[in-house]
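S.K.: starting from these lines, generate the structure:
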Amino acid sequence: MVTDPLAATPDIARVRQQTGTIKDSVGYRVFRVVNAFVLVAIAVVTLYPFVNLFAKAFSSEGFIAAGEVNLVPRGFNLETFQVVLGDPLFWTNYKNTVVYTVVGTVIAMALTATYAYAISRRQLKGRSFFIGIAVFTMFFGGGLIPNYILVANVLGLRNTMWAVVLPGAISVFNLLVMKSFFENFPAELEEAAAIDGLSTYGIFGRIVLPLSKAVLATMTLFYAVGIWNSWFTAFLYLDQKELFPVTVYLRNLIAAATGTEAVTGGAGGDTVQIGANIQSVTMLLTVLPIVCLYPFVQKYFVSGVMLGSVKG
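M.R.: Numbers count the residues shown, from 1 in each chain. I've put the predicted structure just below:
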């Protein structure tokens, strides 16, 4: 008895006997080599700035000024880290950043998910109107001065956490990606849940959200990174140093170090040391938490974007 039907074909049997396996074509082998080279080049170009940033953060002024720091620290020092980390205001502002990021991300995800789910339902009355309102804000805005008057004077949010987390609570891009994902959600599951007696809120909370982990994790990462790195909104609406996020603290530290260095010129000592590598230290301290967070959501990242951007 012949277990492999292809083996009964004389031509197939002859090819298998002579070659053993089907060889890749020359064009495909060339493609694989070029593709590997391109990917390695992209990885090197992407990683080099981070490695260089790390090296400069632990290097001394003289080697940085001479342009001798590339991938390995030269003249190892922790002086700038001691200055920044030894300031109690730094830790207060760092705590503010964590609070702003957590609260802002929770609010943004709640508003974006509910809005996206609502406009993804084709039976919603006025669906086109609500979609149009969201898309309109992508192309037209009131401008900086009207926004400032609205937030600071009309709403009275100046010098409060809400001035940082509320104005950008909904990203229209994230909203449209999540809407597209919900539109592709199997309608049969929702119909079955409705037959079992679940309300619209029950279907959304107990059926839709648990099955949307990929897109939710992706949008959470987008919002968290955006709020964590934001400094201009806080710089605009906050006057009290105790309310600043760490990005504003580091921005002011860079500005002060640069200005002091420009005035004192070649004066030696701690000031010149701080002025030389303060940018590397501050950027390293700012980006480190996000870099540590990313591996935990990376597995959802690609699938979440693709699921929300491809309409089946």
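
S.K.: how near is residue 231 to residue 256?
M.R.: Between residue 231 and residue 256 the distance is 15 Å, computed by C-beta to C-beta, to the nearest Å. Every residue, glycine included, has its C-beta placed from N, CA and C.

S.K.: pick out whichever of those two has more residues nearby.
M.R.: residue 231 (20 against 14; other C-beta atoms under 10 Å).

S.K.: relative to residue 295, how far out is residue 47?
M.R.: Separation of residue 47 from residue 295 (C-beta to C-beta) stands at 15 Å.

S.K.: run through the residues that contact the residue nearest to residue 182 when sequence neighbours are not counted.
M.R.: Nearest residue to residue 182 in three dimensions, chain neighbours excluded: residue 120, at 3.7 Å (C-beta to C-beta, 6 or more residues apart in numbering). Counting by C-beta atoms under 8 Å, 6 or more residues apart in numbering, residue 120 touches 179-180, 182-183, 185.

S.K.: just the pLDDT for residue 120.
M.R.: The per-residue pLDDT reported for residue 120 equals 89.

S.K.: then residue 155?
M.R.: pLDDT at residue 155 comes out at 89.

S.K.: kindly report the same for residue 69.
M.R.: 80.

S.K.: skipping its backbone neighbours, what lies nearest it in space?
M.R.: The shortest distance from residue 69 to any residue other than its chain neighbours is 4.6 Å, reached at residue 59 (C-beta to C-beta, 6+ apart).

S.K.: three-state assignment of that neighbour?
M.R.: Following DSSP: H, G, I helix; E, B strand; the rest coil, we place residue 59 in the coil state.

S.K.: what is the neighbour count of it?
M.R.: For residue 59, the number of neighbouring residues by other C-beta under 10 Å comes to 21.

S.K.: quick one: it from residue 280, how far?
M.R.: Distance from residue 59 to residue 280, by C-beta to C-beta: 8 Å.

S.K.: who has more neighbours, residue 47 and residue 295?
M.R.: For residue 47 and residue 295, the more surrounded residue by other C-beta under 10 Å is residue 47, and the numbers stand at 11 against 8.

S.K.: what comes up buried for the strand or helix carrying that one?
M.R.: For residue 47, the host element (DSSP states H and E) is helix 26-57. Within helix 26-57, the residues that qualify as buried are 53-57, counting by 16 or more other C-beta atoms under 10 Å.

S.K.: picking up where we left off before, minimum pLDDT in the contacts of residue 120, which residue is that?
M.R.: Scoring the contacts of residue 120 by pLDDT puts residue 185 last, at 80.

S.K.: SS state for that residue?
M.R.: coil.

S.K.: just checking, it touches residue 208?
M.R.: Yes: assessed by C-beta atoms under 8 Å, residue 185 is found in contact with residue 208 at 6.4 Å.

S.K.: of those two, which one has the most company?
M.R.: Set residue 185 next to residue 208 and count neighbours by other C-beta under 10 Å: residue 208 wins out with 19 against 16.

S.K.: which ones are touching that one?
M.R.: 117, 182, 185, 190.

S.K.: so the second one touches residue 115, yeah?
M.R.: No: the pair residue 182 / residue 115 is not scored as a contact, 10.4 Å apart, by C-beta under 8 Å.

S.K.: tell me the mean pLDDT over the helix holding residue 47?
M.R.: Per-residue pLDDT over helix 26-57 has a mean of 88.

S.K.: return the distance of that helix from the chain's centre.
M.R.: Per C-alpha atoms, centre = their mean, to the nearest Å, the displacement of helix 26-57 from the mean C-alpha position of its chain is 21 Å.

S.K.: then stretch 170-186?
M.R.: 17 Å.

S.K.: assign residue 170 to helix, strand or coil.
M.R.: Under the three-state scheme (three-state DSSP), residue 170 adopts coil.

S.K.: number of nearby residues for it?
M.R.: 19.

S.K.: and if you look at the one 4 residues further on?
M.R.: Under the neighbour criterion other C-beta under 10 Å, residue 174 is assigned a count of 22.

S.K.: tell me which element it falls in.
M.R.: With DSSP H and E as the criterion, residue 174 is inside helix 172-183.
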